[in-house]
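In: how does the following fold in three dimensions:
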Amino acid sequence: MSLQMTLIFLLLLGDMVLLSLYVLPLPHTVQKKLVLVFNKLRQSQHAKIGMIFTMSVVGLLFIDAARVGLGAPAEPEQHHHHKWSIPVSASWPHKAKIFYAQRNLYISGAVLFFSFAILVVHFHVEALTVAKDSLSKGTKEPVKTDIGSIGLEELKQQIKQKDLDILALKKQTKSLAEAYKKISDELNNDDDLVIVDKKKD
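Out: The predicted structure is shown next:
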């Protein structure tokens, strides 16, 4: 393997390791640091130039390997003039050239694929870390209301107290309704007694 393909193979291994770090269920702090480091590299002008140059070289190598490995016709078979001779297949150097071209095609294509996959997974992990940070801030920071800044636990206590007040009001309403019904029944009984007495007179 040439020095150029060795470097590209090492780049492929680096892409695989980086993608594995993104996919693994690492702690939130580790994922956040990984996203921050990758964002700093993306914002660096030198890193941008290096990535563009590397992807351009890999892309050109991919195109050249595809042209040689897939587009080149096989070498025609050579025959001896003797009637008992066995046909000889394409020469070994030609086969080796096609083999190396296909190897370069697979390696460079894998580098391009993993590089694109890393970008997509990075954006998803970044959105996930931002959502986790927002969720943690929402549970820890106080809730701002019209009556001031109230903590979450204090707000829960107030809601619980309101529920108890509502339950007490329901009990009072029920007791008042029963008392009203009792009084109305007594008044109705008194009216019936008065009517009966008048009839007797």
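In: give me the phi and psi angles of residue 24.
Out: Here the main-chain torsion angles of residue 24 (degrees, to the nearest 10) amount to phi -60, psi 150.
In: neighbours around residue 68, how many?
Out: Look at residue 68: counted by other Cβ atoms under 10 Å, it has 16 neighbours. All C-beta atoms are positioned from the backbone trio N, CA, C, and that covers glycine.
In: do the same with residue 130
Out: 12.
In: and it, what pLDDT?
Out: pLDDT recorded at residue 130 is 84.
In: which ones are touching residue 117?
Out: residue 19 (Cβ atoms under 8 Å, 6 or more residues apart in numbering).
In: now do it against residue 16, distance only.
Out: Residue 117 is 10 Å from residue 16, where distance means Cβ to Cβ, to the nearest Å.
In: one more: residue 35?
Out: Counting by Cβ to Cβ, the gap from residue 35 to residue 16 is 19 Å.
In: neighbour count: those two, which is higher?
Out: residue 35 (19 against 15).
In: ok but the more buried one is inside a strand, no?
Out: No: secondary structure of residue 35 (DSSP: H, G, I helix; E, B strand; the rest coil): helix, not part of a strand.
In: that one against residue 123, yeah?
Out: No: if you go by Cβ atoms under 8 Å, residue 35 and residue 123 don't touch, sitting 9.6 Å apart.
In: could I get the full set of helices for this structure?
Out: Assigned helices in the chain, in chain order: 3-23, 28-43, 45-71, 92-140, 152-200 (criterion: DSSP state H).
In: domains in this protein, by residue range?
Out: 3-141, 148-200 (automatic domain parsing).
In: please identify the deepest-packed of those.
Out: Highest mean neighbour count of the domains of the chain: domain 3-141, a mean of 13 (counted as mean count of other Cβ atoms under 10 Å).
In: how far off centre is it?
Out: 22 Å (Cα atoms, centre = their mean, to the nearest Å).
In: make 49 the starting number, not 1.
Out: OK, 49 is where the count begins now, so the last one is domain 51-189.
In: how far away is the closest residue to residue 57 other than its chain neighbours from residue 53?
Out: Leaving aside its chain neighbours, residue 57 sits nearest to residue 155 (5.9 Å; criterion: Cβ to Cβ, 6 or more residues apart in numbering). Here residue 155 is placed at a distance of 7 Å from residue 53 (Cβ to Cβ).
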